[in-house]
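K.L.:
The sequence isn't on hand, but the structure is:
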Ligand SMILES: *Cc1c(COP(=O)(O)O)cnc(C)c1O
């Protein structure tokens, strides 16, 4: 007991620590953070002593711990990370990386005032929705368009406008849950629409929809099975079948296409994903999709389709609550402009560029990275390159795995699990995959500057 008292008494004092040169020379960190870290650091040790987790300590260790707290508390919580997983649209890692021109547009628009809601020609109040409507129409062929916060908001707004108090018919095979507990049935309920499920999980026919139609039907909703596939004995309607039902009955056909794609990527060796243009051309009344999935822009929900419906949505009070902000609009307009030239889009939009990288280039990149890592970690790890598979992610092409090259690292003196964790917790965190005790780095999702950071960080850890 006496020992415990002694230990507690000899814990360093805050005012003494404040006088240390290392603390005095800290620049640009608020004093409140320094004081909080000192208190917290000492508290942790006090509790460890009280609860007899430690029987002795070294003052320098306490000080080191406090310095690490200061470092942690004074850096941004939301930070850039290196995605070495090969999953191109990683929802946990911020989904699409936006193009350079989109980054510049955000900087330019947010550094000063702008014409967000001002009509420069007339000198009167304008609409924030006007900035991207024309270009969405130009790319998709739609009559009108509206952008909101994200695709979940888009679906909600569409249903709230066209289907409030009315029935929305959906196939049982399309009651999707997208990550983060976004469930189509729940969103429909929130919007005020009454969900009418038809068909079976694996098969839904034209007559299932037709039999469900009555005077209170507000719309028919087709949902893209973004993140799963039902295989085997299956039947779902084609877009054309929906449009035919719509024409016959006058009921609006709404398609939640999920990942908004404008380019036929089957030309580049990937599985065909239905494009927004195709749905519009075939006559779907309203199509909704995300801005930050394969489209490669900022988080946004885009609604494109018939003018009579879009006009109603613009007047819905909910639109105000779901509205998109100026930074997002800037990034979205800049991204959409890239699509005016397909070649430019494929080159400049990071996710499209990553998804269409050739195996030759990936192999060269993997060789370059493995050499650079080997030169840093020397004999502390075995480093080799192997063929592997990348994922698209972001609820797109769930079954697609694309051939890639990875660098596989087996540390000789440290547990790979430990290395994986330390990479994740580095100043610039590096998120990797573990596979059978090797750390896997997929070069598909790396940027030019990441290579040096990866080899240096690994060299410090391994
Ligand atoms: C991803 C997805 C959503 C949700 O889109 P967010 O932009 O994340 O809100 C909705 N529906 C489908 C079919 C999706 O794939």
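P.N.:
Perfect, I can see it now. These numbers come from a predicted model, not from an experiment.

K.L.:
Pull out the buried positions in stretch 129-146.
P.N.:
Neighbour-count burial for stretch 129-146 flags 129, 131-133, 135-137, 139-140, 142, 144-146 (criterion: 16 or more other Cβ atoms under 10 Å). For glycine as for every other residue, the C-beta is placed from the backbone atoms N, C-alpha and C.

K.L.:
An error on my part: the question was meant for stretch 157-164.
P.N.:
157-163.

K.L.:
Identify the residues contacting that stretch?
P.N.:
The contact list for stretch 157-164, computed with Cβ atoms under 8 Å, 6 or more residues apart in numbering, reads 146, 148, 168, 187-188, 191-194, 218-219, 221, 252, 254, 286, 288, 301, 303, 309, 312-313, 316, 318-319, 322.

K.L.:
Let me know whether it sits next to the ligand.
P.N.:
No - Stretch 157-164 lies apart from the ligand when judged by Cβ under 6 Å from any ligand atom; the minimum separation is 11.5 Å.

K.L.:
Show me how to select, in ChimeraX, the buried members of the contacts of stretch 157-164.
P.N.:
Of the contacts of stretch 157-164, the buried ones go into a single ChimeraX selection, burial set by 16+ other Cβ under 10 Å:
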select :146,148,168,187,188,191,192,193,194,218,219,221,252,254,286,288,301,303,309,313,316,318,319,322
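
K.L.:
Compute the number of surrounding residues for residue 275.
P.N.:
19 (other Cβ atoms under 10 Å).

K.L.:
Show the residue spans covered by the strands in the stretch 51-200 of the chain.
P.N.:
82-83, 118-119, 124-125, 144-148, 167-171, 177-178, 182-183, 194-198 (DSSP state E, counting those that start in this stretch).

K.L.:
Show me the one of those that comes nearest the ligand.
P.N.:
strand 177-178 (4.2 Å; Cβ to the nearest ligand atom).

K.L.:
Please compute how far the closest one lies from its chain's middle.
P.N.:
14 Å (Cα atoms, centre = their mean, to the nearest Å).

K.L.:
who in the stretch 251-400 of the chain is up against the ligand?
P.N.:
The interface of the stretch 251-400 of the chain toward the ligand, taken as Cβ under 6 Å from any ligand atom, is made up of 256, 258-259, 290, 301, 395.

K.L.:
got a winner among these for most neighbours?
P.N.:
residue 290 (29 neighbours).

K.L.:
just checking, that one touches residue 300?
P.N.:
Yes - counting by Cβ atoms under 8 Å, residue 290 does reach residue 300; the two are 7.2 Å apart.

K.L.:
list residues touching both of these two?
P.N.:
Common neighbours of residue 290 and residue 300 (Cβ under 8 Å, 6+ apart) are residue 150.

K.L.:
pLDDT value on residue 181, please?
P.N.:
You'll see residue 181 listed with a pLDDT of 69.

K.L.:
ok, now residue 395?
P.N.:
So, for residue 395, pLDDT stands at 67.
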